[in-house]
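Trainee: Fold the stuff below for me.
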Amino acid sequence: MDTIGNNIRLTLFGASHAPEVGFVLTGVPAGTRLDMDAIRFDLERRSAKNHAFATPRHEADDFTVHSGIQGGVTDGLPIRVTFPNRAHDRSEYKPVARPSHADLCAFLRSGGREDISGGGKYSGRMTLPLTFAGSICRGILRTRGIEIASHVSFMGGVHDADLDPMMEKAPKLDPFFPLVDPSVRDEMERLLEKARAEGDTLACGAECAVTGLPTGLGEPLFDGLEGVLSKYLFMIPGLRAVEFGNILAFGSEMNDQFTDGGRTLTNNSGGVNGGMANGMPLIFRCKFRPVPSIAKPQTGYDLIGEKPVPLIIAGRHDTCILPRGLAAVEAAAALALLDLLLENDARREGSGLDGLRRGLDRVDAELMRLFAERTELSKRIGEEKRISGRAIEDAAREKEVIATRTAHLPRTLTAAGEGLMRLLMDESKRTQRAGMNLYLIGMPDCGKTRTGRKLKALLRLPLADTDKLIMERTGLSIDEIFARLGEGAFREMETTALRSIIAHGGLIVATGGGLPVSGDNAALMKNSGFTVFLDRRLEALHGQDTVNRPLLSADSRAETDARIDRLYAERHEKYAACADLMLDPDADGAAERIAQAYMRFIETGDRL
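Mentor: Predicted structure coming up:
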């Protein structure tokens, strides 16, 4: 899942070498004033250009706010922000899995369809939208007296001093290379320089402290503070361990003894007991593996040839995840903690009419989120059905879904549950049909291209032509293909072109005259769109140009017309059999009638 959270929900999208990365953040109350300067500062802390040993890939990290923020204030809509990827170069990337990267796993998991160049969505680039979203949450936490601080606890074999676990005094930390003991920075930088010179990378660790959390924050048993926080943190690439507080040998050493006000004399528990904040500072540590992209010779795995191959990674990579990764650690912590705080607020305010209504509002918001997620899944199912040639309608599946989904409802809700499932399935089918094509079939010169252009303007859908697609792919005219390769080869090309059009979806398609004659092609068209037979009058087909129409080419006009007559007689019944609508394209309002029929099909599934 690329979405996390219950009250504050974060969705990340994009990939390292995609056109952009971004996020959608929901649940931030309307009227929240954001400190945009603080957000930009957190982005600067994460940016490679401010760290000497970071990746040479220097993105501007400029962003566009599409919704949810106006004049630095939230308006209650989902906050959607994107960051363009400009400094990426796909040319260096080959279909070879790199050691200790997610390449092989992602390739096999997606059947080879996922873009894994530059690490895809498993790249550190995805911490950019995480940092922005987390900085929004961090600003809200500050208004409630909650502060987050972190430092580089170790790098390679060089260790910094620990934070004061009692956090009685806020540490003074350099935001770009935070250290409790700044004197160790020179040694860390010498180690970074040595590793970079040798084409190697370094392991590292971060220590983080959070002050001001209310006692009892956390949702035992499975949503305890440590578990929720860790789930967010493990989104950061390279993270290998999260630990809370200290582990000492004996209970007599480990136990934190109480003092006035419920505080404790020590903080070995790291501010957490039983999955809940205990009123002391929350102390946790993150340990990161060395960046796996190293410049030394290695053995990769050819994803196409399915064999080990020599590999030298020549891309642009960090020598160490920290210190710039600290911005992501703090952002992940802020997101997790604000989500838990809002859950805590809801539990406290859950009594009385207003509290119950707020609870209902949260349920409704979750239903809308799930509805959007269901619709997206329905869209993807429609794509899979279209590509595999399966029909949208599946009565047996619908019956099974209604039965299983309502089986555990109270008897008084069964009828309403069945009605709701039917509404949801109707919407799913409409969503699946939205990607289906509009096929125009018929004799040569029946007006498919001309009608297709009119429909393009009416429906605002792209127009594709199977004959043109074949000529573009082969660099040959239809006449040349017939002369050099024969009609059989051309028919195979037609089927290939049809399958690529089906994979794209949502097109108006002017087909070659012979394409729907094949029963297999007709079945593919039936399951992937709405088909219109442009049944132009036979006499109107006479006298046409025969360029790129080799089946009609003859020495005389009379013989060409005779061939048209024979072809019309052979194909008319087959055209009619696979058509959902049949009309004369020369009739008044023909294109408008087709557009109306297609839109009715998309909305209702009615094939006339």
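Trainee: for this structure, longest helix please?
Mentor: Ranked by number of residues, the top helix in the chain under DSSP state H is helix 352-388.
Trainee: For the following helix or strand past that one, which residues meet the burial criterion?
Mentor: Where DSSP states H and E defines the elements, the next helix or strand beyond helix 352-388 is helix 395-406. For helix 395-406, burial by neighbour count (16 or more other CB atoms under 10 Å) applies to 398, 401-402, 406. Using the backbone N, CA and C atoms, a C-beta is placed for each residue, glycine as well.
Trainee: Distance from the helix or strand following helix 395-406 to the middle of the chain?
Mentor: Using DSSP H and E, the helix or strand that directly follows helix 395-406 along the chain is helix 411-433. Mean-position distance between helix 411-433 and its chain equals 26 Å (CA atoms, centre = their mean, to the nearest Å).
Trainee: residues making contact with helix 411-433?
Mentor: 371, 374-375, 378-379, 381-382, 385-386, 392-393, 398, 401-402, 405-406, 409, 601-605 (CB atoms under 8 Å, 6 or more residues apart in numbering).
Trainee: which parts of stretch 528-544 are buried?
Mentor: Those would be 528-536, 541, 544, for stretch 528-544 by 16+ other CB under 10 Å.
Trainee: so of the residues you listed, which ones are in helices?
Mentor: Using DSSP H, 528, 541 are the members of the buried residues of stretch 528-544 that sit in helices.
Trainee: and the buried residues of stretch 528-544, which of them are in strands?
Mentor: Those of the buried residues of stretch 528-544 mapping onto strands are 529-534, per DSSP state E.
Trainee: And residue 4, its phi and psi?
Mentor: phi -150, psi 150 (degrees, to the nearest 10).
Trainee: Next up, the contacts around it.
Mentor: Counting by CB under 8 Å, 6+ apart, residue 4 has contacts 10, 231-232, 235, 335.
Trainee: For it, give the beta-bridge partners.
Mentor: residue 10 (DSSP bridges).
Trainee: let's have the chain start at 624 instead
Mentor: Done: numbering now begins at 624, and the last item shifts to residue 627.
Trainee: quick one: residue 787 and residue 794 touch, right?
Mentor: Yes. Applying CB atoms under 8 Å, one finds residue 787 in contact with residue 794, separated by 7.3 Å.
Trainee: which stretches of the stretch 1124-1231 of the chain form helices?
Mentor: For the stretch 1124-1231 of the chain, applying DSSP state H, counting those that start in this stretch gives helices covering 1142-1151, 1161-1164, 1180-1201, 1213-1227.
Trainee: Which other helices and strands does the longest helix of the chain contact?
Mentor: Packing partners of helix 975-1011 (3 or more CB pairs under 8 Å, 6 or more residues apart in numbering; DSSP states H and E): helix 949-971, helix 1034-1056, helix 1110-1127, helix 1142-1151.
Trainee: Mind doing that once more with 10 Å?
Mentor: Counting contacts by 3 or more CB pairs under 10 Å, 6 or more residues apart in numbering; DSSP states H and E, helix 975-1011 packs against strand 632-637, strand 643-649, helix 949-971, helix 1034-1056, helix 1110-1127, helix 1142-1151.
Trainee: Find residues that contact each of residue 787 and residue 794.
Mentor: 803, 832 (CB atoms under 10 Å, 6 or more residues apart in numbering).
Trainee: shouldn't residue 1121 be in contact with residue 1135?
Mentor: Yes. In this structure, residue 1121 is within contact of residue 1135 by CB atoms under 10 Å, at 9.4 Å.
Trainee: which residues do those two both contact?
Mentor: 1089, 1092, 1144.
Trainee: Enumerate every residue touching the residue nearest to the last one when sequence neighbours are not counted.
Mentor: Right, residue 1144. Leaving aside its sequence neighbours, residue 1144 sits nearest to residue 1138 (CB to CB, 6 or more residues apart in numbering; 5.4 Å). Contact analysis of residue 1138 by CB under 10 Å, 6+ apart lists 1062, 1064, 1089-1090, 1114, 1117-1118, 1120-1121, 1132, 1144-1145, 1147-1148.
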